[in-house]
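Chemist: Have a look; sequence and predicted model below, questions after that.
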Amino acid sequence: MENKNITTKIIVCSYEELTETEKKLVDTAKEASNRSYAPYSRFQVGAAALLSGGLIISGSNQENAAYPSGICAERTTLFYANSQYPDLAVESLAIAAQTGGSFIERPTAPCGACRQVILETEERYRHPIRIYLYGTDEIYIVESIRGLLPLCFGKNDLPE
């Protein structure tokens, strides 16, 4: 029997340490959370994607009384990017969440379904997506979704 350790490099910083472009991306995700439709969870999430060429697009979570029918902010954003700008790779993705009118203190990470969609987007464009997880106390930066989904299932796992 053998043990294997999997480690993830996470950069931890404050908002003030971000570049102007990174601040704009995070601010866009925060603004998008205000457009969330979250009457059931009251957990409003916004996401913003920086596309190659500098375009920033955003989306928010959209809930439904039939819970599986809702969609997370990350998937809303990436599906929009992939459908409207199919030739532009996603360079980075910022995620921000608020509840009760205040942004959360600790960064929130994407759910499993969103991690899988981010992986597919990375594989589609053959380009890692830098992920910014916003919290008022600190921001986590991960260089690729593989840092949050190390034992992933992707296109290479399917038979040809």
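Modeler: Received, thanks. Numbers count the residues shown, from 1 in each chain.
Chemist: burial measure for the residue lying closest to S52 once chain neighbours are set aside, as a count.
Modeler: Closest residue to S52 apart from its sequence neighbours, by Cβ to Cβ, 6 or more residues apart in numbering: A89 at 4.6 Å. In this view, the C-beta of every residue, glycine as well, is placed from N, C-alpha and C. Using other Cβ atoms under 10 Å, A89 has 19 other residues around it.
Chemist: Give me the local confidence score for P150.
Modeler: The per-residue pLDDT reported for P150 equals 89.
Chemist: wouldn't it be in contact with T8 here?
Modeler: Yes - between P150 and T8 there is a contact at 7.0 Å, judged by Cβ atoms under 8 Å.
Chemist: hang on, the residue nearest to S52 packs against E123?
Modeler: No - at 11.3 Å, A89 does not count as touching E123 under the criterion of Cβ under 8 Å.
Chemist: mind listing the helices in the protein by residue range?
Modeler: Remark: helices assigned in the chain by DSSP state H are 20-33, 73-84, 112-125.
Chemist: neighbouring contacts of the last one?
Modeler: Put plainly, it is helix 112-125. In this structure, residues lying in contact with helix 112-125 by Cβ atoms under 8 Å, 6 or more residues apart in numbering are 72, 74-75, 78-79, 81-82, 89-90, 93, 110, 128-129, 131, 144-146, 148-149, 152-155.
Chemist: what is the mean pLDDT for stretch 63-81?
Modeler: 95.
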